[in-house]
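> Fold the following, please.
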Amino acid sequence: MDESLTATIREAMPLAHHLRVVGVEAGPGAVVLRGDWATEHCTAGGVLHGGYLMALADMTAAMLAYLNVPEGATTTTIEAKTNFLAAVRSGTVTARAELVHKGRRTIVVEVDVTDDDGRRVSRTLQTQAVIEP
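Have a look, this model is predicted:
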């Protein structure tokens, strides 16, 4: 865990604090965030809620997009599609975002979320709008 990155993420996105998301690494080529299974993040049967996985993917994609916009610009999610591939019933999930497209007006990011065994549990393709000042 990168404590400075975690603080930055939680300040920029207060939901990250409530979901106990931590930063692992961040740069213009990739961002990695992590979250832990917890009963309060689950749906029926003790399965980590898809909304948790989507929120983690969204935060990871947003951070990567932000690191790739011109100085003074920001981003906002305008589209996201997630495929859920496996259930998570314990442990940690890790989201890794990588750029698919970096344009003047949009940035497209792909996020894979994996479990402790490295098994992909979801894949999100997200488009972020670039908002210039």
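> Next up, identify which helix or strand residue 69 is on.
Element membership for residue 69 (DSSP states H and E) is empty, with no helix or strand holding it.
> what are the phi and psi angles of residue 28?
phi -70, psi -10 (degrees, to the nearest 10).
> quick one, helices of the chain?
In the chain, the helices defined using DSSP state H lie at 3-12, 14-18, 50-66.
> Return the most buried member of these.
helix 50-66 (a mean of 23; mean count of other C-beta atoms under 10 Å). No exception for glycine: its C-beta is placed from N, CA and C like everyone else's.
> other SSEs contacting it?
Under the contact definition 3 or more C-beta pairs under 8 Å, 6 or more residues apart in numbering; DSSP states H and E, helix 50-66 sits against helix 3-12, helix 14-18, strand 30-36, strand 74-84, strand 92-102, strand 106-114, strand 120-131.
> how many degrees apart are it and strand 106-114 in direction?
130 degrees (axes from the mean of the first three to the mean of the last three C-alpha atoms, to 10 degrees).
> For helix 50-66, give the mean pLDDT please.
Per-residue pLDDT over helix 50-66 has a mean of 97.
> Could I get the helices of the chain in CSV, plus columns for distance to residue 95?
Compiled in CSV, the helices of the chain are given as follows (distance: least, C-beta to C-beta, whole Å):
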stretch, distance to residue 95
helix 3-12, 12
helix 14-18, 11
helix 50-66, 4
